[in-house]
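Colleague: next input, structure requested:
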Amino acid sequence: IANLSPDVTWSPDGSRLAACTNDLTIWDLESTTPIVSFPDADCERKVSWSRDGAFLAYSTNEAIHIADLATKSIRITYDGYTMFSWMQSSSELLIASQDGNIRKVDPKNLTPARDVQVLLPLSQINDIHSSPDGNSIAIEEQGRGVRVVIANIRTGDIVSILDGFRYRTSDVSWSPDGLQ
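Modeller: Modelled structure (predicted):
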């Protein structure tokens, strides 16, 4: 496997590897051969497996795409959204646009998207990450400065605001127990 991009990720069971360059390619690690490739996927931001390994989400500068690995096709595209985080407690996905719109979607069942209301005006969202228990969301926001907003997913209530960052963070994530 040569010329791997900075965004490479293992499947949940460790049997496959996905890499995003201009193409999205998924390898079977036992045979070391590509299983599927999505030419010109143009994935520039992030690639991540669903918890059950059935789907792979990747983002470009314009949209989030969900690859269905059973059918080896793009199942759905969310135009205008560029950040995402799989919910650890379900097959749902949190998606966000840079202008502050956050939604919860279910690519497995293709149920209608539900807005996640955060009770605070958000300007430019750079990253999101759901907590392991699925109750909270950490949002890296850049407005007059960089800050991380932690909100309750169900109510939109602000749990905490961490500010004072001089520069944009490279990733927002939770401790394994979900408390921090």
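Colleague: residues touching residue 9, list them.
Modeller: Residues counted as contacts of residue 9 (C-beta atoms under 8 Å, 6 or more residues apart in numbering) are 17, 18, 19, 47, 48, 49. To be clear about C-beta, it is placed using only N, CA and C from the backbone, and glycine gets the same treatment.
Colleague: buried ones in stretch 43-56, by neighbour count?
Modeller: Neighbour counts over stretch 43-56 (16 or more other C-beta atoms under 10 Å) mark 43, 44, 46, 47, 48, 49, 50, 54, 55, 56 as buried.
Colleague: quick one: which of those sit in strands?
Modeller: 46, 47, 48, 49, 55, 56 (DSSP state E).
Colleague: give me the pLDDT for residue 114.
Modeller: pLDDT recorded at residue 114 is 78.
Colleague: counting neighbours, what do you get for it?
Modeller: Using other C-beta atoms under 10 Å, residue 114 is surrounded by 12 other residues.
Colleague: hmm, residue 94 and it touching each other?
Modeller: No. Assessed by C-beta atoms under 8 Å, residue 114 is found out of contact with residue 94, at 10.3 Å.
Colleague: which residues are in contact with both of the two?
Modeller: 103, 104, 105.
Colleague: which of the residues you listed tops the neighbour count?
Modeller: Neighbour-wise, the shared contacts of residue 114 and residue 94 (other C-beta under 10 Å) top out at residue 105, 23 neighbours.
Colleague: show me what that one is bridged to.
Modeller: Beta-bridge partners for residue 105, by DSSP bridges, are residue 93.
Colleague: same thing with residue 73?
Modeller: residue 68.
Colleague: quick revisit: out of the ones in strands among the buried residues of stretch 43-56, who's nearest residue 71?
Modeller: residue 55 (10.5 Å; C-beta to C-beta).
Colleague: pLDDT value on the closest one, please?
Modeller: Predicted confidence (pLDDT) for residue 55: 92.
Colleague: can you give me the neighbour number for the closest residue to residue 38 other than its chain neighbours?
Modeller: Spatial nearest neighbour of residue 38, chain neighbours left out: residue 24 (4.3 Å); criterion: C-beta to C-beta, 6 or more residues apart in numbering. Using other C-beta under 10 Å, residue 24 has 24 neighbouring residues.
Colleague: just the one 3 residues further on next, same as before
Modeller: Residue 27 has 21 neighbouring residues, counting by other C-beta under 10 Å.
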